[in-house]
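Visitor: Here's my sequence, what's the structure:
(chains A and B)
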Amino acid sequence: MTKGHVHKLEISDLSLELDGRTILDGISLDIHHGETVCILGGSGAGKSMLLRTIVRLHEPTKGRILLDGEPVTAMDPSTLRRRVSLVQQSPAMLEGTVEDNLRFGLELAGIEPGVIKERIDASLKAAALDEGFLGRRAEKLSGGERQRVAIARAHTLCPEVFLLDEPTAALDPRRMMEVERAIKGLKGDANFMMIIVTHDVEQARRLGDRTVLMRRGRIIAEGDSGSLIEDLDPEERALYMGELVYMEHEHKEGDLNE
Amino acid sequence: MSEFDFDPWSLEPYGGLWILLMSVVLMVIAAALSRMRSLGLEKDMAIASIRGGIQIMAMGFLLYALFGLGDLLLWTVVIAFIAVMVVVGTYTSARRAKGLPDPTRATFPALGLATVVTLGTMLGLQVLPLRAEFVIPIAGMVVGNSMNATSLSLNRLLAETRGFRSRIEARMLLGADAETSLKPHVRSAVRSSLIPTIDTLKTLGIVFIPGGMTGMLMGGVDPIWAAQYQLVIFFMIFCSGTIATVVATALATKQLTKDGVTLVDLPDEE
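Guide: Now for the predicted structure:
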């Protein structure tokens, strides 16, 4: 399918309040075609909420999100979500097999059966999955496999913008590398832009062309992924890294509780 | 009035006051069990028995007075009676749908429509005679059962929306509109609320001789006619339950999505 691609995603002065709490506070960010931006931040920084607001799972209180100049709030939500695909943290599997999961969006979009098969094959490959997965029950998959199925599922719709929320959180290093390989495979396509939310500095270095630091709903720094952390003033860096360490700690505890 | 001698004020065995007092024994057994197993239901049981008792006796007296009234006044009161049933049912069901922004907006149309359609059809097709002593108790059964089905369906829909939120959102993120994304959960809510009625209908006469028929048999009605009537009542209950749950869940779905774009935040369950 020949589909256009977004040249520019423009977020300007975006704020989001939920139940009287400020979640996002004056976010401005421009992303261009072919670019991968990582958003780094501790828990509660508003990273996930930013992604959710871009695809209108929340409606902004203030500010605008423009896709090549068109406000997303003026777009039909289904059309928007087909163009801008969000893979959520620990993504939920739909009922049925992996194939059912991959078919869902395609059938809703009214894609012809012949084309559906092609798309599914292409998306499996993009997410580094083999055909053997198609018949497996999606809910029985491991965390890393689910993550890759979710990436493949989003890929079937040929989105122009990919939003990945903590794609490797709660995965062991080997699974993490598998998922990262899938993400890099997507980047190889280069026909879209990508925003990856992570709390892992090293991952931001590996995957991002550019990195944005968020804290308490605001962007506090932005720059080249390689040098951003080093360029922060020592106090802020200590504070920020401290928050990261704290977060990892929390994660481990959470895992134990499960 | 009746074929057998029944004195509602008699304290003799089988008399009205006698049976009331004696049947309290059953509630005492239930309460004792509750106490033994620390279920903590004794107080609720007592309150429910007293409250329900007062209400049903008041209803008895009211009907007693009603059946003596002239036509115009009688039907005004009958309609008012049914309206009260629907309104009380509306609020009772709405309490089971906590978290919906405006639950009565889902439960009132559901119960109202279910009652009007089923009663109206049966009156129109000359199944039910236009007599207060038929219309009132049957309306009560229809509204009561629709209310239960509505409560069950909304409760289930909300529980599923809470529990499967990320799955519902996953569907939305794949381009499904909010209503389509909720559809499997609406389906299971309606189905689960109707299953008890279907099971009752399946075992009708074998396991279950419903209250209506019991009453008719005790009132000395021809058993064949009583069976025929019981079936009619069950069809009414089934139809009204289906209408009520379909309407209630459809309206609730609208409330669960903001303009079909986002899913509302549901407060945690009580």
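Visitor: Helix or strand next in line after the helix or strand encompassing residue A:120, which one?
Guide: Taking DSSP states H and E as the criterion, residue A:120 maps to helix A:113-126. Moving toward the C-terminus from helix A:113-126, the next helix or strand (DSSP H and E) is helix A:143-155.
Visitor: Please identify the buried residues of that following helix?
Guide: A:143-155 (16 or more other CB atoms under 10 Å in any protein chain shown). For every residue, glycine as well, the C-beta is placed using N, CA and C.
Visitor: May I have the distance across stretch A:36-46, first residue to last?
Guide: End-to-end span of stretch A:36-46 (CA to CA, to the nearest Å): 19 Å.
Visitor: quick one: low-confidence ranges for chain B?
Guide: Flagging of chain B using pLDDT under 70 yields the residue ranges B:1-5, B:268-270.
Visitor: Write out the residues of it neighbouring chain A.
Guide: B:164, B:166-167, B:169-178, B:180, B:184, B:258, B:260-263, B:265 (CB under 8 Å from any CB of the partner chain).
Visitor: Tell me which of those fall in helices.
Guide: Using DSSP state H, B:166-167, B:169-173, B:178, B:180, B:184 are the members of the residues of chain B next to chain A that sit in helices.
Visitor: Would you show me how to pick out the buried ones of the residues of chain B next to chain A in PyMOL?
Guide: The command below creates a PyMOL selection of those among those that count as buried (16+ other CB under 10 Å):
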select buried, chain B and resi 164+167+169+170+171+172+173+174+175+176+177+178+184+258+260+261+262+263
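Visitor: contacting residues for residue 140?
Guide: In the absence of a named chain, this looks at chain A. Contacts for residue A:140 were tallied using CB atoms under 8 Å, 6 or more residues apart in numbering or on different chains; there are none.
Visitor: actually it's chain B I care about, not the one you picked
Guide: Counting by CB under 8 Å, 6+ apart, residue B:140 touches residue B:85.
Visitor: can you do 10 Å?
Guide: B:59, B:81-82, B:85, B:89 (CB atoms under 10 Å, 6 or more residues apart in numbering or on different chains).
Visitor: for chain A, what spans make up the helices?
Guide: For chain A, the helices defined by DSSP H cover A:47-54, A:77-83, A:98-108, A:113-126, A:143-155, A:173-189, A:201-207, A:228-231, A:234-257.
Visitor: Columns mean pLDDT on top of these, output as CSV?
Guide: As requested, the helices of chain A are exported to CSV (pLDDT from 0 to 100):
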stretch, mean pLDDT
helix A:47-54, 95
helix A:77-83, 94
helix A:98-108, 96
helix A:113-126, 91
helix A:143-155, 91
helix A:173-189, 81
helix A:201-207, 85
helix A:228-231, 71
helix A:234-257, 51
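Visitor: so which of those comes closest to chain B?
Guide: helix A:98-108 (3.5 Å; CB to the nearest CB).
Visitor: Point out the residues in the stretch 151-258 of chain A that sit beside chain B.
Guide: For the stretch 151-258 of chain A, the residues found near chain B under the criterion CB under 10 Å from any CB of the partner chain are A:153-154, A:156-157, A:159, A:163.
Visitor: before we move on, back to that, out of the ones in helices among the residues of chain B next to chain A, which one sits closest to residue B:19?
Guide: Looking at those and their distance to residue B:19, the nearest is residue B:184, at 49.1 Å (CB to CB).
Visitor: Would you confirm that that closest one contacts residue B:171?
Guide: Yes: counting by CB atoms under 10 Å, residue B:184 does reach residue B:171; the two are 8.6 Å apart.
Visitor: Mind checking which of the contacts of residue B:140 are buried?
Guide: By 16+ other CB under 10 Å, those give B:81-82, B:85, B:89 as buried.
Visitor: And these, which two are furthest apart?
Guide: Counting by CB to CB, the most remote pair of those is B:81 and B:89, 12.7 Å apart.
Visitor: and residue 40, how many neighbours?
Guide: No chain in the question, so chain A it is. Neighbours of residue A:40 under the rule other CB atoms under 10 Å in any protein chain shown: 27.
Visitor: wait, I meant chain B there
Guide: 9.
Visitor: same deal with the one 4 residues further on?
Guide: The local packing count at residue B:44 equals 12, with neighbours defined by other CB under 10 Å.
Visitor: In three-state terms, label it for me.
Guide: Here residue B:44 takes the helix state, with states given by DSSP: H, G, I helix; E, B strand; the rest coil.
Visitor: do the same with the one 4 residues further on
Guide: Following three-state DSSP, residue B:48 is assigned to helix.
Visitor: Now do the contacts for it.
Guide: Residue B:48 neighbours (CB under 10 Å, 6+ apart): B:27, B:41.
Visitor: and the ones in helices among the residues of chain B next to chain A as CSV, adding distance to residue A:173?
Guide: Listed next are these as CSV, based on distance: CB to CB, whole Å:
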residue, distance to residue A:173
B:166, 25
B:167, 28
B:169, 29
B:170, 26
B:171, 32
B:172, 32
B:173, 28
B:178, 38
B:180, 39
B:184, 36
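Visitor: Pull up the overlap in contacts between residue B:184 and residue B:171.
Guide: Residues within reach of residue B:184 and of residue B:171 at once, by CB under 10 Å, 6+ apart, are A:94, B:164.
Visitor: hang on, the earlier thing: dump the helices of chain A into CSV; add distance to residue B:124 as well.
Guide: Shown next, in CSV, are the helices of chain A (distance: least, CB to CB, whole Å):
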stretch, distance to residue B:124
helix A:47-54, 52
helix A:77-83, 43
helix A:98-108, 42
helix A:113-126, 48
helix A:143-155, 51
helix A:173-189, 63
helix A:201-207, 69
helix A:228-231, 75
helix A:234-257, 61
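Visitor: which stretches of chain B form strands?
Guide: For chain B, the strands defined by DSSP state E occupy B:257-258, B:262-263.
Visitor: Let me have those in TSV, extended by distance to residue A:40.
Guide: Formatted as TSV, the strands of chain B follow (distance: least, CB to CB, whole Å):
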stretch	distance to residue A:40
strand B:257-258	31
strand B:262-263	26
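Visitor: out of those, which comes closest to residue B:8?
Guide: Closest to residue B:8 of these, according to CB to CB: strand B:257-258, at 53.6 Å.
Visitor: Could you check how far that closest one is from the centre of its chain?
Guide: Relative to its chain's centre, strand B:257-258 lies at 29 Å (CA atoms, centre = their mean, to the nearest Å).
Visitor: That one - contacts with which helices or strands?
Guide: Secondary-structure packing of strand B:257-258 (3 or more CB pairs under 10 Å, 6 or more residues apart in numbering or on different chains; DSSP states H and E): helix B:178-202.
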